[in-house]
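S.K.: Any chance you can model this:
(chains A and B)
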2 protein chains.
Amino acid sequence: LYCGLLLFPDLTQLDLTGPYEILPRAPDTQVVLVAKTLEPVEARWGMRIIPDVDFVSCPPLDLLLVPGGFGVNEAMLDDDTLRFIRNQAENARHIVSVCTGSLLLGAAGLLQGKRATTHWRFRSLLSRFGAIEVRERVVRDGSLFSGGGVTAGIDVALRVIADLHGEEVAQEVQLSVEYDPDPLFGCGTPEKAPTAVTARASQQSQTAYERTAKSVELAAKMAVCRH
Amino acid sequence: LYCGLLLFPDLTQLDLTGPYEILPRAPDTQVVLVAKTLEPVEARWGMRIIPDVDFVSCPPLDLLLVPGGFGVNEAMLDDDTLRFIRNQAENARHIVSVCTGSLLLGAAGLLQGKRATTHWRFRSLLSRFGAIEVRERVVRDGSLFSGGGVTAGIDVALRVIADLHGEEVAQEVQLSVEYDPDPLFGCGTPEKAPTAVTARASQQSQTAYERTAKSVELAAKMAVCRH
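M.R.: I've put the predicted structure just below:
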């Protein structure tokens, strides 16, 4: 299984690095990092990661994974990126998004009529791309797997492995990365977190939400024009 | 808080990229990637990450995080790496290890008489460095925090934030990365996994275990010679 994980500037690297650590632990699985150019890509907080292949040199992928992050705002409006996603999606066996990566899939026209999820703060934007918003951590609709915010990438990747190789292989991989999570608090969703915590988190991300909403508006209009 | 996360060849990148995504979401926190040289560092499965500073240019750190991976076998025997860890540890407020990163701390002489953990497969090696082996996902002994295998880095990082900034900030960070884990199976530790799964995972990692055990032996002897 040839898995391509998309890098773009200002991505949330854990959306990608979680699945990157999980997927290749399954049999016959390779991971490559693909970006628009071969220049190092700077993720949020400054981490610089070097792509393995660019859009042109990337071979056909069996699995395409699209992470999220503030960088989706630009990526959703970038023709090369959208074309790459669409072209690869045509033949890929699995299309996977983590966090706001699903908005990028939406901008590429891949969510029309599909059940999907994204980071809780941005979930209401999914419908703008014709997606059916689902409040689950991992959502599957045929060949499309989408995960919630950031850390959900680990859960999505394990689900994909279970789908491809069965329970026992997925269990072995889970054990190999000692995935026995023990979150300090039961507050990983806005519904479970104390009201004050959710309120402050929502407020702090208001500007980010508005910026992404604006990009989604533009991307949705451009998608209509293409048809 | 100035946090330095150590890169070395053949590290398990999720040990580091998990905490890298979590720590800077706390107030007044910066993360830098530090390595022996400024050349890109290749993690397991091929990901290449560019360090921000080298051992010489790295300023004094408030927090030093050491990830694990097969690369600890060499790092445990590398004087420059051990000296860097020891020097930074003298003044750091927190020393953090994830996965077999704790063996590297042990080789640097920092685990003598300390309670610590590591990846389940390698836990029995801790005592060779004078550590007291603890079977918990996150173990704290004074300024030393150690986590279990790979994915435990996320739990350790949240624990450090709670320690530094209190519950509410840690909850906000947890919500921002939507850390509401939903592992497919309850098999993230050898005790919880089906016997056959644990047996096969142990067998598949036997060579890796033996290699690391050999390095630990050497590193422990070298540590004795230094005293």
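
S.K.: going forward, measure contacts and count neighbours with C-alpha atoms only.
M.R.: Will do.

S.K.: Pull the contacting residues for residue A:133.
M.R.: Residues counted as contacts of residue A:133 (C-alpha atoms under 8 Å, 6 or more residues apart in numbering or on different chains) are A:115-117, A:123-124, A:126-127.

S.K.: can you count the residues close to residue A:136?
M.R.: Using other C-alpha atoms under 10 Å in any protein chain shown, residue A:136 has 15 neighbouring residues.

S.K.: do the same with residue A:203
M.R.: When neighbours are counted by other C-alpha under 10 Å, residue A:203 comes out with 12.

S.K.: tell me which residues in stretch A:19-30 are buried?
M.R.: A:19-26, A:30 (16 or more other C-alpha atoms under 10 Å in any protein chain shown).

S.K.: quick one: average confidence on that stretch?
M.R.: Within the predicted structure, the mean pLDDT of stretch A:19-30 is 97.

S.K.: mind checking the end-to-end distance for it?
M.R.: As for stretch A:19-30, its first-to-last residue distance stands at 12 Å under the measure C-alpha to C-alpha, to the nearest Å.

S.K.: A helix includes residue A:145, no?
M.R.: No. Assignment of residue A:145 by DSSP: H, G, I helix; E, B strand; the rest coil gives strand, placing it outside any helix.

S.K.: List the residues that contact it.
M.R.: Contact analysis of residue A:145 by C-alpha under 8 Å, 6+ apart lists A:94-97, A:116, A:138-139, A:156, A:160.

S.K.: same check, this time on residue A:109
M.R.: Neighbouring residues of residue A:109 by C-alpha under 8 Å, 6+ apart: A:86, A:129, A:223.

S.K.: which of those residues tops the neighbour count?
M.R.: Neighbour tally across the contacts of residue A:109 (other C-alpha under 10 Å): the maximum, 27 neighbours, falls on residue A:129.

S.K.: can you tell me the helix or strand for the closest residue to that one other than its chain neighbours?
M.R.: In this structure, residue A:129 finds its nearest non-sequential neighbour in residue A:106, 5.2 Å apart by C-alpha to C-alpha, 6 or more residues apart in numbering or on different chains. Residue A:106 belongs to helix A:101-107 when elements are defined using DSSP states H and E.

S.K.: So which elements touch that helix?
M.R.: Using 3 or more C-alpha pairs under 8 Å, 6 or more residues apart in numbering or on different chains; DSSP states H and E as the contact test, the elements touching helix A:101-107 are strand A:63-66, helix A:72-75, helix A:79-91, helix A:206-226.

S.K.: List just the one of those that sits closest to chain B.
M.R.: Chain B sits nearest to helix A:206-226 of all the helices and strands packed on helix A:101-107, at 12.2 Å, using C-alpha to the nearest C-alpha.

S.K.: coming back round to it: okay, now the residue nearest to residue A:129: neighbour count?
M.R.: Applying other C-alpha under 10 Å, we find 27 residues neighbouring residue A:106.

S.K.: next structured bit after the helix holding residue A:106?
M.R.: For helix A:101-107, the following helix or strand on the C-terminal side (DSSP H and E) is strand A:115-116.
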